[in-house]
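**Q** quick check, what structure comes out for this input:
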Amino acid sequence: MSFEKKDYHKPNDTFEVSTSVNDSDANKETEEVITAITAGVPGNQVGADSSENVSRAFVTRTYERPYVQFSTDLPALLAGKIVPHDFKSVIARINTYFEAAESFTSEVGWTNLSWCLCGYFCALFYRSKYEMCMAQMSDFVEERNKKLFQPAGMKLINPLQRGLRIIEIEILPGLPQFNAIAEL
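**A** Okay, here's the model as predicted:
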């Protein structure tokens with residue numbers, strides 16, 4: 001394939017662009033990337049990340065409702081590292097923050113109307129209901145990290161940092177596991 005390069009100093013200059021890519025190499029590379037990401041672990045979790053020596057478990061979104069909601073199923077990678085009831089209560093609480101943030105009330109309607117009428121100038125002085133709920137959820141995630149996940153050698157990543165697609169839980173190597181959180 002050739003393209004003409006328009007150069008005002010050399011009007012007839014052309015160059016060749018090589019587009020020949022070995023399809024088997026591209027497919028092989030894609031398969032290696034997919035294998036590295038999934039590491040052969042089914043469902044909501046991913047295997048160990050060799051670059052940082054940190055395992056990561058992912059809790060996926062469910063699309064059953066019109067607002068953001070995450071699955072409360074315990075990933076197999078976290079079995080034995082956290083009490084299932086505690087895990088489900090944390091995820092359920094995060095889900096309630098999203099439900100509250102996206103619910104419509106008369107207060108939200110009046111706020112939106114006043115923001116429209118003042119050209120969103122009010123946004124400089126007041127936070128929306130969604131912003132307030134997300135700030136509360138971020139505080140909750142930090143608090144749960146300090147009291148529940150960090151003593152067990154894990155770290156819960158705020159879903160806002162992952163684009164509301166997943167909840168990531170990092171499992172740090174060499175730290176206490178199930179016994180540390182059973183005493184809480």
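**Q** who are the packing partners of the biggest strand by length in the chain?
**A** Counting residues, the longest strand found in the chain (DSSP state E) is strand 54-62. Contacts defined by 3 or more C-beta pairs under 8 Å, 6 or more residues apart in numbering; DSSP states H and E place strand 54-62 against strand 45-49, strand 69-70, strand 166-171. Where C-beta positions appear, they are placed from N, C-alpha and C, glycine not excepted.
**Q** any idea which of those strands scores lowest on pLDDT?
**A** Confidence, taken as mean pLDDT, is least for strand 45-49 of these (a mean of 41).
**Q** show me which positions of stretch 117-131 end up buried.
**A** Of all the residues in stretch 117-131, those buried under the rule 16 or more other C-beta atoms under 10 Å are residue 129.
**Q** what residues does that stretch touch?
**A** 100-102, 105, 107-108, 111, 114-115, 135 (C-beta atoms under 8 Å, 6 or more residues apart in numbering).
**Q** what subset of these is buried?
**A** 100-101, 111.
**Q** could you dump these to TSV with pLDDT?
**A** As requested, the buried ones among the contacts of stretch 117-131 are exported to TSV (pLDDT from 0 to 100):
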residue	pLDDT
100	93
101	92
111	87
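**Q** out of those residues, flag the one nearest to residue 170.
**A** Residue 170 lies nearest to residue 101 out of the buried ones among the contacts of stretch 117-131, by C-beta to C-beta, at 25.1 Å.
**Q** how about that closest one: what's its closest non-neighbour residue?
**A** The shortest distance from residue 101 to any non-neighbouring residue, by C-beta to C-beta, 6 or more residues apart in numbering, is to residue 133 (3.5 Å).
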